[in-house]
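K.L.:
Generate coordinates for the sequence data below:
(4 chains)
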Protein chains: 2
Amino acid sequence: MARPREFDEEVALRAAVECFWERGYEATSVRDLATRMGITNASLYNAFGDKRSLYRRALDRYVELSFSDRVGRFQALPPREAIGAFFKEIVDRSVEDTGRRGCMLVNSALEIAPYDPEFQCVVTKVLVQVEAFFRQCAMIGQAEGTIARRQSAEDIGRLLLGVLLGLRVLARHRPERALLEGLVRPALALLDDATVGAPDPLV
Amino acid sequence: MARPREFDEEVALRAAVECFWERGYEATSVRDLATRMGITNASLYNAFGDKRSLYRRALDRYVELSFSDRVGRFQALPPREAIGAFFKEIVDRSVEDTGRRGCMLVNSALEIAPYDPEFQCVVTKVLVQVEAFFRQCAMIGQAEGTIARRQSAEDIGRLLLGVLLGLRVLARHRPERALLEGLVRPALALLDDATVGAPDPLV
DNA sequence: TGCATTTTAGATTGCGCGCTCTAAAACCGA
DNA sequence: TCGGTTTTAGAGCGCGCAATCTAAAATGCA
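P.N.:
Numbers count the residues shown, from 1 in each chain, chains lettered A, B, ... in the order given. You can find the predicted model right below:
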């Protein structure tokens, strides 16, 4: 019925993710985007609307490829292992991140979310999910007796979320393994306290 | 000998700090700055050079007024109290920060430092100082027996730096006291472990 | 084979940006 | 009072930006 697209929308979107991830929102021009996406200015606007809409879709795709995927994979593990593996993966990726791009969600959280309610909502929603993941791991682990009960599951969730964010900020400036692992180690130590009690009879 | 300035450079600089702190670097225009500083475009360039130079001076002033001042005040306290008071002050300010400006240094760390070696250096230098402050508190406290020895002073410094950064990111999105204190509480609990040994005989 | 429809391609638009320029104004030593 | 120097005031510069417009090209259905 009409002329078909010459480009793959998904491929183009992933290229947009790379652009925005590397340079942020403001510093990335629509020309840069079109070039990296391998399409023209007009095609970009035709397929994705304006720059802000494209950023929104790119961020959604990033979250889907990074956070959601990661949380999903680790929910299958025993809780203590899940938390450990989660942070190990983040540290490994941060040390390998030679472009120092950091985490696109955290970058968005500081660049545009403060001035844009829609993006604030997107960021908050993900952060709440991550916190819930940590909290649930803590709850199950505490019930099983594999995670210390010194702190409440709520506080453990909050601590791990905070450490995660701090880790991602720090990694962008000093991606040294000793530093990052030195940050994670004491946080995880709080889960392995010697005062772990007997398994909870219920649950 | 020549016409004197009609404005106070220090007052103007603090106005610039407010501007950049609220909106970041890119989103703040030189027109905005001149208006808020109460001077004209020409006076701004005459007194402060270009926009980037002004940002540099504003960031330096911010660090001087915030970090340096804070570290200085708390170094006088006993180490465990110093750390507690440090975080208490940050949490209190974050909850009161209705403009959600966060910390200008952390904002800079994510907006411009990744793409600008000079600012990267500035940010890193401050972060290293803060980490050193925490580490020294930990060392002294561990020697005195007022801070637990489960983790090395180095790791405690790293943890507290990471928690601080996470706190400042989180505070910008969810400035809820329960959340922020729930993040700080477990971190500080690591300092108060029951396994605190006897005071170190040496030192 | 035409016709309707969508995607291409490239030029173009209006706007806001950082920054500069030209004078006039304000000072002070001589 | 005058001359040298700096600061003011405000218009204006070139540039890059996001976004749009105009045609030409590419399809599938009739």
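K.L.:
measure A:S66 to DNA strand D for me?
P.N.:
The gap separating A:S66 from DNA strand D is 24 Å, by CB to the nearest atom of the strand, to the nearest Å. Any C-beta I mention is one placed from the backbone N, CA and C, and that applies to glycine too.
K.L.:
What's the local residue count around that residue?
P.N.:
17 (other CB atoms under 10 Å in any protein chain shown).
K.L.:
My guess is it contacts A:V106. True?
P.N.:
No. Applying CB atoms under 8 Å as the test, A:S66 and A:V106 come out as separate, 10.9 Å apart.
K.L.:
Spell out which parts of chain A neighbour DNA strand C.
P.N.:
A:1-7, A:39-43, A:46-47 (CB under 7 Å from any atom of the strand).
K.L.:
if you set the cut-off to 6 Å instead, what comes out?
P.N.:
Applying CB under 6 Å from any atom of the strand, we find that chain A lies next to DNA strand C at A:1-3, A:5-7, A:40-43, A:46.
K.L.:
Taking these, tell me the two that lie furthest apart.
P.N.:
Farthest pair in the residues of chain A next to DNA strand C (CB to CB) is A:M1 and A:N41. Separation: 24.7 Å.
K.L.:
quick one: which of the two has more around it?
P.N.:
Taking other CB under 10 Å, A:M1 and A:N41 do not tie; A:N41 has more neighbours (12 against 3).
K.L.:
the helices in chain A, which residues?
P.N.:
A:9-23, A:30-37, A:41-48, A:51-63, A:69-74, A:79-96, A:104-111, A:117-144, A:153-173, A:177-189 (DSSP state H).
K.L.:
least trustworthy helix or strand in chain A by mean pLDDT?
P.N.:
Least confident element among the helices and strands of chain A, by mean pLDDT, DSSP states H and E: helix A:69-74 (a mean of 89).
K.L.:
buried stuff in that one?
P.N.:
Within helix A:69-74, the residues scored as buried using 16 or more other CB atoms under 10 Å in any protein chain shown are A:70-71, A:74.
K.L.:
how about the residue nearest the centre of chain A, what does it touch?
P.N.:
For chain A, the residue nearest the mean C-alpha position is A:F67 (4.6 Å; CA atoms, centre = their mean). Residues counted as contacts of A:F67 (CB atoms under 8 Å, 6 or more residues apart in numbering or on different chains) are A:105, A:126, A:129-130.
K.L.:
Let's see if you can find the most crowded of those.
P.N.:
A:L105 (21 neighbours).
K.L.:
my guess is that one meets A:Q129, correct?
P.N.:
No. The pair A:L105 and A:Q129 does not pass the contact test of CB under 8 Å, sitting 10.9 Å apart.
K.L.:
A:L161: which of the residues of chain A next to DNA strand C is nearest?
P.N.:
Of all the residues of chain A next to DNA strand C, the one with the least separation from A:L161 (CB to CB) is A:F7, at 38.1 Å.
K.L.:
give the contact list for that closest one.
P.N.:
Contacts of A:F7 (CB under 8 Å, 6+ apart): A:37-39, A:43.
K.L.:
Next: A:T40.
P.N.:
Counted by CB under 8 Å, 6+ apart, A:T40 has contacts A:A34.
K.L.:
State the pLDDT value of it.
P.N.:
Looking at A:T40, its pLDDT stands at 94.
K.L.:
ok, back up a step: worst mean pLDDT among the helices of chain A?
P.N.:
helix A:69-74 - the lowest mean pLDDT of the helices of chain A, at a mean of 89.
K.L.:
neighbours around A:P175, how many?
P.N.:
The burial count for A:P175: 18, using other CB under 10 Å.
K.L.:
That one touches A:D97, doesn't it?
P.N.:
Yes. Between A:P175 and A:D97 a contact is recorded at 6.4 Å, counting by CB under 8 Å.
K.L.:
With adjacent residues omitted, what lies nearest to A:L13?
P.N.:
Nearest non-adjacent residue to A:L13, counting by CB to CB, 6 or more residues apart in numbering or on different chains: A:R61, 5.7 Å away.
K.L.:
Hmm, A:E64 and A:V126 touching each other?
P.N.:
No. Counting by CB under 8 Å, A:V126 sits too far from A:E64 to count as a contact (10.4 Å).
K.L.:
Local confidence estimate at A:A194?
P.N.:
The per-residue pLDDT of A:A194 was computed as 63.
K.L.:
ok, A:T35 to A:A47 distance?
P.N.:
Distance, A:T35 to A:A47, using CB to CB, to the nearest Å: 15 Å.
K.L.:
Phi and psi next, for A:R3.
P.N.:
Phi and psi for A:R3, reported as degrees, to the nearest 10, are phi -70, psi 130.
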